[in-house]
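Participant: I need the structure of the sequence given here:
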Amino acid sequence: MEYLIRILFFIVVIGKFIVQGNTSATEVSLLLLLAAVNIFKQKNRVTWHVLIIEATFITVGCNYSHNFSLLYALIAYDAGNKDMKPFTLVAATLAICFSGLNNIMEVLALIFIAFMFGNLSLKFRENINSFKETYDNERRYRYELEAAKQKLLNSAKEVAYIAEIKERNRIAREIHDTVGHRIAGILLQLQVVQKLRHRDEEKSDKLLKDSVERLAETLNVMRNTVHNIRPSNSMGLEYIEGIINNFNYCIVNFKHLGNFNSLSANVLETISSDIKEALTNAYKYSKATAIDIKIDIRDSFVRIYIKDNGEGCPNLREGFGLQGIRERIENLGGTVSFSGENGFMIVYIIPLGKEKGEELHENNNC
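Facilitator: Reported below is the predicted structural model:
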């Protein structure tokens, strides 16, 4: 763009020389020198030294022809474009002194226009740089947020795995400290019974009876231990069926295929939360009389289909509820789509890869 502006100024000056008719070799040489200075300015940084040199050449040229005074506008353009505003006054002062009475208004008007155009170019360039900086910062923050979110998800998985390991150790310790010690004592007592069987039958029978009683008590302890470690609330098929059965707004047709025990806790929790959100939205907005829910569990993915026969939403805009569904699914590496045509439909797929805890467990076994 700057090349075109500079070329335009030189075309105007050359045109005046052509109209004038008489052009000396000195004037041509000065025009070539000024062209070289402008090429230098375009390829290198414009400094006040270069502008002084250019003003000197133009002033010398004005002694030969007042046509050179039009080139003072180039100094004004650079003054506005490079934020060196005092040189605009220098260019205007020199134009008043050397442009001649016939050209003075024309040159001053051109200087003013050139300065304003250069200043607008400077503002435009600053705005572009500001927008680029803002965009780069926004992109960097987005990447940092994604990285932080991924670290948080990995940390949550690691915490869940560590909690699982601690629970396993607690169960193993409880079984060892209670059931293990009781069985070890009973075993020793039965060995004594075996040795006393032919020597002291009365004492042998007494120890055997005591061993049976202690074994029955140990069995009760084992049952109580297993009962205590079993979760009270199931997060599998029964939990999802409970959510659907408690929804009394309209009929819900629920179909499922595959093994729910193959799904990890966070996948089951996501599916349950999304079904709750979908049913809540249907109750609030759909005016539906029936809802279809299908869960298809395969080896590598699980597909969920939820659709009602309500009013739908042709001009769909994702609110907090739908955004929450999308975020939960995408956090698990899945994809989701919404449709408001002919009722409202939610379809999403979650890949069933290895969990972080399993990876850690495998690494610990290596």
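
Participant: could I get the average pLDDT for the helix ranked longest in the chain?
Facilitator: In the chain, taking DSSP state H as the definition, the longest helix is helix 104-174. Throughout helix 104-174, pLDDT has a mean value of 80.

Participant: likewise stretch 332-341?
Facilitator: For stretch 332-341, the mean confidence score works out to 91.

Participant: what comes into contact with it?
Facilitator: Stretch 332-341 is contacted from outside by 266-267, 270, 312-316, 318, 322, 325-326, 329-330, 344-351, 353, using CB atoms under 8 Å, 6 or more residues apart in numbering. Using the backbone N, CA and C atoms, a C-beta is placed for each residue, glycine as well.

Participant: try 7 Å
Facilitator: Residues outside stretch 332-341 that contact it (CB atoms under 7 Å, 6 or more residues apart in numbering) are 266-267, 270, 312-314, 316, 322, 325-326, 329, 345-351.

Participant: from those, which land in strands?
Facilitator: Met345, Ile346, Val347, Tyr348, Ile349, Ile350, Pro351 (DSSP state E).

Participant: what segments of the stretch 251-366 of the chain are helices?
Facilitator: Applying DSSP state H, counting those that start in this stretch to the stretch 251-366 of the chain gives helices spanning 265-281, 320-331, 356-365.

Participant: these into JSON lines, with extra columns for mean neighbour count?
Facilitator: JSON lines is the format used below for the helices of the stretch 251-366 of the chain (neighbours: other CB atoms under 10 Å):
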{"stretch": "helix 265-281", "mean neighbour count": "19"}
{"stretch": "helix 320-331", "mean neighbour count": "16"}
{"stretch": "helix 356-365", "mean neighbour count": "13"}
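
Participant: can you list the ones you listed in JSON lines and add distance to Phe9?
Facilitator: JSON lines is the format used below for these (distance: least, CB to CB, whole Å):
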{"stretch": "helix 265-281", "distance to Phe9": "66"}
{"stretch": "helix 320-331", "distance to Phe9": "56"}
{"stretch": "helix 356-365", "distance to Phe9": "67"}
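
Participant: out of those helices, flag the one nearest Asn127.
Facilitator: Closest approach to Asn127 among the helices of the stretch 251-366 of the chain is made by helix 320-331 (32.1 Å; CB to CB).

Participant: what angle separates that closest one from helix 265-281?
Facilitator: 160 degrees (axes from the mean of the first three to the mean of the last three CA atoms, to 10 degrees).

Participant: distance between helix 320-331 and the chain's centre?
Facilitator: Helix 320-331 has its C-alpha centroid displaced from the chain centroid by 13 Å (CA atoms, centre = their mean, to the nearest Å).

Participant: need the contact partners of it.
Facilitator: The contact list for helix 320-331 (CB under 7 Å, 6+ apart) reads Leu153, Thr270, Ser273, Asp274, Glu277, Asn281, Glu318, Val336, Phe338, Ile346, Tyr348, Ile350.

Participant: try 10 Å this time
Facilitator: By CB atoms under 10 Å, 6 or more residues apart in numbering, the residues outside helix 320-331 that reach it are 149-150, 152-153, 156, 266-267, 269-271, 273-275, 277-278, 280-281, 284-285, 304, 306, 316, 318, 334-338, 344, 346, 348-350.

Participant: repeat that for stretch 116-130.
Facilitator: Outside stretch 116-130, the residues that reach it (CB under 10 Å, 6+ apart) are 1-2, 5, 73-85, 88.

Participant: any of those buried? List them.
Facilitator: Buried members of the contacts of stretch 116-130, scored by 16 or more other CB atoms under 10 Å, are 5, 73-82, 84, 88.

Participant: please convert those residues to a markdown table, extending it with distance to Glu202, secondary structure and pLDDT.
Facilitator: Output for the buried ones among the contacts of stretch 116-130, formatted as a markdown table (distance: CB to CB, whole Å; DSSP: H, G, I helix; E, B strand; the rest coil; pLDDT from 0 to 100):
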| residue | distance to Glu202 | secondary structure | pLDDT |
| --- | --- | --- | --- |
| Ile5 | 122 | helix | 75 |
| Ala73 | 129 | helix | 80 |
| Leu74 | 127 | helix | 81 |
| Ile75 | 127 | helix | 81 |
| Ala76 | 126 | helix | 82 |
| Tyr77 | 123 | helix | 81 |
| Asp78 | 121 | helix | 80 |
| Ala79 | 122 | helix | 81 |
| Gly80 | 120 | helix | 80 |
| Asn81 | 117 | helix | 77 |
| Lys82 | 116 | coil | 80 |
| Met84 | 119 | coil | 80 |
| Thr88 | 125 | helix | 79 |
